[in-house]
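S.K.: got a predicted structure here, sequence first:
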Amino acid sequence: MKFEKLNSYIEEKKKIIDSWLLSHLPPPGREPKPIFEAVYYALFPGGKRIRPILAIASCELTDGNIGDVLPIACAIEMIHTYSLIHDDLPCMDDDDLRRGKPTLHKAYNEAIAVLTGDILLTMAFEYMSNIKLYKNPSLPRIVMVINEIARASGKEGMVVGQVADITWEGSSVTEEKINYIHTNKTAKLIEVSVKSGAIMSGASYREVEVLSEYGRLIGLAFQIVDDVLDVTSTSDKIGKKTKKDLSRGKLSYVALHGIENSLKKAKELVERAKEKLAIFEEEKCWMLKDLAEYIVAREK
């Protein structure tokens, strides 16, 4: 299998991430129960944990210790999960399926879904700022990473990308609009995941910049492939509603370029991302190269 080594790496890191989350989250039975039960419902079982794994891989690539990045990596997964919960709400994308099961507002209700997203976001910053959770805490690095993640999650990234996505729905499709939405709504959080791992390891300025650019490129490729899968795949295969973007007038690469050219663009981005890794030893950066290739080969 082409991605056998990568899949083994992902499974290994997923277990570490899930174990950390389970050991630090409030128990699901804690009162008031609905909110903490909902947190577990949203977080477990998760997807492939790509964003936290990217943070860990970047940290390890630049000779860091996983204990120095794990609180950051898990916080990023919590932020990502909060964004999915809110993205699925009736006032936004109005989805009823996520990761193969009913979305949170369907399983509980809209109020609990909103509040679950809120508590995941705030707990993420609580954990990132708790120096007791790090193996060898470096306050300057922790503060720098928290600032980077806050910007990528909010006014310089995910939130403004989501606003553009819903505001420009049904408008004329342009390359500029699509790039703005995809860069901010999706790529920025992937980029900051990779960048955070490098910062926490104490990587050089050049290494941080290279890995940040790698993350931006694969983040764009990831969203382009999502656009394609929305048209070509099925709900059973990818675990969420399909064929909704075009019907709602969502701005996507497929709407502008078609399926074939969109995949071509994603592959070009992945090749450019892999080229960025040339400054690292081949045997050390294999995971990031394989993951880049996996992004365009994935079926869900």
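M.R.: Right, received. Where do you want to start? Numbering: from 1, shown residues only.

S.K.: residue 249 against residue 169, yeah?
M.R.: Yes - between residue 249 and residue 169 there is a contact under C-beta atoms under 8 Å: 5.3 Å. Every residue, glycine included, has its C-beta placed from N, CA and C.

S.K.: where in the stretch 151-300 of the chain is pLDDT low?
M.R.: Low-confidence regions of the stretch 151-300 of the chain, defined by pLDDT under 70, span residues 233-248.

S.K.: state the number of residues packed around the residue nearest to residue 284 when sequence neighbours are not counted.
M.R.: Once flanking residues are discounted, residue 284 sits nearest to residue 61: 5.6 Å by C-beta to C-beta, 6 or more residues apart in numbering. Neighbour count for residue 61, taken as other C-beta atoms under 10 Å: 23.

S.K.: now do the contacts for residue 292.
M.R.: 214, 218, 221, 270, 273-274 (C-beta atoms under 8 Å, 6 or more residues apart in numbering).

S.K.: give me the pLDDT for the residue nearest to residue 284.
M.R.: Per-residue confidence at residue 61 stands at 97 (pLDDT).

S.K.: for the helix or strand harbouring residue 291, list every residue counted as buried.
M.R.: Using DSSP states H and E, residue 291 maps to helix 286-297. Across helix 286-297, burial judged by 16 or more other C-beta atoms under 10 Å covers 286-296.

S.K.: looking at these, which is nearest residue 154?
M.R.: Nearest to residue 154 among the buried residues of helix 286-297 is residue 295, at 24.7 Å by C-beta to C-beta.

S.K.: what about that closest one, distance to residue 197?
M.R.: 17 Å (C-beta to C-beta, to the nearest Å).

S.K.: also residue 300?
M.R.: The value you get for residue 300 to residue 197, if C-beta to C-beta is used, is 25 Å.

S.K.: more neighbours: which of these two?
M.R.: Remark: of residue 300 and residue 197, residue 197 carries more neighbours, 32 against 15, as counted by other C-beta under 10 Å.

S.K.: quick one: the strands in this protein?
M.R.: For the chain, the strands defined by DSSP state E cover 97-98, 101-102.

S.K.: between those, which one is closest to residue 164.
M.R.: Closest approach to residue 164 among those is made by strand 97-98 (21.7 Å; C-beta to C-beta).

S.K.: chain center to the closest one: distance?
M.R.: 16 Å (C-alpha atoms, centre = their mean, to the nearest Å).

S.K.: follow-up on the earlier one: turn the contacts of residue 292 into JSON lines, columns for neighbour count and distance to residue 177.
M.R.: JSON lines is the format used below for the contacts of residue 292 (neighbours: other C-beta atoms under 10 Å; distance: C-beta to C-beta, whole Å):
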{"residue": "214", "neighbour count": "27", "distance to residue 177": "25"}
{"residue": "218", "neighbour count": "30", "distance to residue 177": "21"}
{"residue": "221", "neighbour count": "27", "distance to residue 177": "18"}
{"residue": "270", "neighbour count": "25", "distance to residue 177": "23"}
{"residue": "273", "neighbour count": "25", "distance to residue 177": "23"}
{"residue": "274", "neighbour count": "18", "distance to residue 177": "28"}
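
S.K.: a markdown table please, covering those and showing distance to residue 41.
M.R.: What follows is the contacts of residue 292, written out as a markdown table (distance: C-beta to C-beta, whole Å):
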| residue | distance to residue 41 |
| --- | --- |
| 214 | 33 |
| 218 | 29 |
| 221 | 30 |
| 270 | 33 |
| 273 | 34 |
| 274 | 37 |
